[in-house]
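Student: Next one to model:
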Amino acid sequence: MTEELKPNGTLRCYHQFPRHYANFSEMTAQLGDIGDMGFNAVWVGPLHPVSQVPKKSGEQGSLYAITDPRSFREEFFGTADVEAQKQMVRKYTAEAKNRGLVPMFDLVLKHMGKGSSLERNEEPRLPDTENIDTSHWFKSETFRLNGQVWDDVTQLDYSKPEIRRQIIDHLWKPFVRMYIEELGFQGIRIDAAQHFPSEVVKEIIGYARELWDQQGVQNPFIMAEVLGSTKDQRHGLKGCGITHITNYSYWLPNQYEPARYGKPDCSLMAQQAFSECWKSEIAHFSNEKGHALHVVRLGPGDEAYANTVGATVGFADFHDEHSMAWHIRNAWKGRSEEDIRKQIEKAMREEIATVAFCSDGGWFAATGFEVADARPRSVFQCAENAQPSQPNADLRAFIKEVNAIVKARPALGLFNWTERIFLNGKPELAIFKTRDEREPGKPVYLKIANTDPDKHPLLTDDDMKKLGPADRVYICGGVQMQNPDQAVTPAVIAAQPANDVGSVRSAAAR
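Tutor: Residues are numbered from 1 along each chain as shown. Alright, predicted model coming up:
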């Protein structure tokens, strides 16, 4: 590999989850470590005051139940002075950029925390709202989703054109302008993007792009969460300016029981696959090692829906779900601490490889993922969030190697298929083959990671024949090859001239 590395549109993002930090300064102090692991973006969860109205379930204080979009949480910043808070955030974004990280903020357009001053029509700080009754901005019915009642938030009502215009002009445009012009953010993560009108998404993104254009920021990262969405909902977001979307099969119809998620005695693939990037609503996998895992091709007409919104961003653990480390610790109670830690590291290496190598748009890791932290990650105020870190493995070097491969691989768009292959006698290898159907010759790429840190598997020439011809072979995690000239390693990648992220880049060409 001799050519200069080209920007390939992948998002290698670290999600800083505020509940796992004592204060905002801790988040800033971690940016150097995040950059050292090869990430190119950092997404900050919501930092604003939140509703203290409890849900009927007893939970309260969700980060996503924002009541005041103009200030930040006093207890997290150590001051109630809004200007001092903003100065701390400006320091954060400057440090992120200095570390080669694109700072991204969370944008929650669907709802606000119950009991906000806007809901009571008592918000004097919003510009030009003296003659506007902001209580009319909200729906009266309780927000229900996926069988849950979200009674700590109140939905914004975008159904009436006049009200929608007020909400966009007097709430969201000033909010976005604050984050971009005042605070220095260069990317957005949009919460639950499929649950409100696409016209709102399009206008807000268009406005943000205008502000970035004025600053000379080109092609920002705009990642939309579409968990649990249908293909029609995703298709409705096409043309809104989104560069990346998140989704994974845990939230989609699947032939496997979600309850099997995280069990140490089964393949992680069925639960940790991302059906979007494999161009299928249902990803079919084998749970038995020794078999090839083929992803179902699209049926006639489905091409219109697949990946047309934005490049897909994979992820493993997320907030309000137990981590892989937690699952294994609970499933392996009674076993030795050494065995548990080894199993956690192997499982999480497989998670990382699956997530990062099978998504055309990159991946993200949440706070603590690099040390296999077993702590719960709840958006609500709870004692579990205040627990000290529970590290189980040091995955930082492995993540850095994986990120090097994701950074160096050719830009990927709609590949016709992705395949997981198991080599007999080498179950520690996570092997993924992708073919790009758009390019002349339909190039094939192999990405191979070793999931067992106690092994240094050797890929023989015979092994490579079994895997079939490939235009490039990327290896990491201690994998060795009988013919090393075939391999693209993280060390080889590091030696190349790189054009990665000074500012933000465009997504891979669709």
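Student: what about residue 461, neighbour count?
Tutor: 10 (other C-beta atoms under 10 Å). Where you see a C-beta, it was placed from the backbone N, CA and C, and this is true even at glycine.
Student: for residue 464, same thing?
Tutor: Other residues lying near residue 464 total 17 when counted by other C-beta under 10 Å.
Student: for residue 443, same thing?
Tutor: Per other C-beta under 10 Å, the neighbour tally for residue 443 reads 16.
Student: Can you give me the separation between it and residue 406?
Tutor: As judged by C-beta to C-beta, to the nearest Å, residue 443 and residue 406 stand 17 Å apart.
Student: And for residue 210?
Tutor: Per C-beta to C-beta, residue 210 is found 30 Å from residue 406.
Student: What is the end-to-end distance of stretch 212-231?
Tutor: 30 Å (C-alpha to C-alpha, to the nearest Å).
Student: tell me the secondary structure for residue 446?
Tutor: When classified by DSSP: H, G, I helix; E, B strand; the rest coil, residue 446 comes out as strand.
Student: circling back to that earlier point, quick one, which of residue 210 and residue 406 is more surrounded?
Tutor: Neighbours per residue (other C-beta under 10 Å) separate residue 210 from residue 406, with residue 406 holding more: 24 against 11.
Student: Wasn't that one part of a strand?
Tutor: No - per three-state DSSP, residue 406 lies outside any strand segment and is helix.
Student: wait, isn't it in contact with residue 360?
Tutor: No - Residue 406 is beyond contact range of residue 360, at 10.5 Å (criterion: C-beta atoms under 8 Å).
Student: Pretty sure residue 70 is one of the things residue 116 touches, is it not?
Tutor: No - counting by C-beta under 8 Å, residue 116 stays clear of residue 70, with 11.1 Å between them.
Student: quick one: which of these two has more around it?
Tutor: Each of residue 116 and residue 70 has its neighbours counted (other C-beta under 10 Å); residue 116 has more, 25 against 15.
Student: ok, that one to residue 171 distance?
Tutor: Look at residue 116 and residue 171: by C-beta to C-beta, they are 11 Å apart.
Student: which residue is nearest the centroid of the protein?
Tutor: The centroid of the chain falls nearest to residue 364 when counting by C-alpha atoms, centre = their mean (3.9 Å).
Student: The stretch 51-200 of the chain: strands as residue ranges?
Tutor: For the stretch 51-200 of the chain, the strands defined by DSSP state E, counting those that start in this stretch occupy 102-107, 111-113, 143-145, 148-150, 153-155, 187-190.
Student: Does anything pack onto the fourth one? Which helices or strands?
Tutor: To tie it back to what came earlier, the one meant is strand 148-150. Under the contact criterion of 3 or more C-beta pairs under 8 Å, 6 or more residues apart in numbering; DSSP states H and E, strand 148-150 touches strand 143-145.
Student: any idea how far residue 494 is from residue 44?
Tutor: According to C-beta to C-beta, residue 494 stands 28 Å off from residue 44.
Student: brain fart, residue 165
Tutor: Here the criterion is C-beta to C-beta. By it, residue 165 lies 29 Å from residue 44.
Student: what bridges to residue 473?
Tutor: As for beta bridges, residue 473 partners with residue 446, residue 487 under DSSP bridges.
Student: any idea how far it is from residue 374?
Tutor: Remark: distance between residue 473 and residue 374 (C-beta to C-beta) = 34 Å.
Student: cool, and residue 130?
Tutor: 51 Å.
Student: swap in residue 487?
Tutor: In this view, residue 487 and residue 374 are 34 Å apart by C-beta to C-beta.
Student: what do you get for residue 133?
Tutor: 48 Å.
Student: what's the answer for residue 181, then?
Tutor: From residue 181 to residue 374 the distance is 40 Å (C-beta to C-beta).
Student: Look at the two and report which has more neighbours.
Tutor: Shown here are residue 181 and residue 374; by other C-beta under 10 Å, residue 374 has more neighbours (21 against 13).
Student: Now do the SS call for the more buried one.
Tutor: Secondary structure, three-state DSSP: residue 374 is coil.
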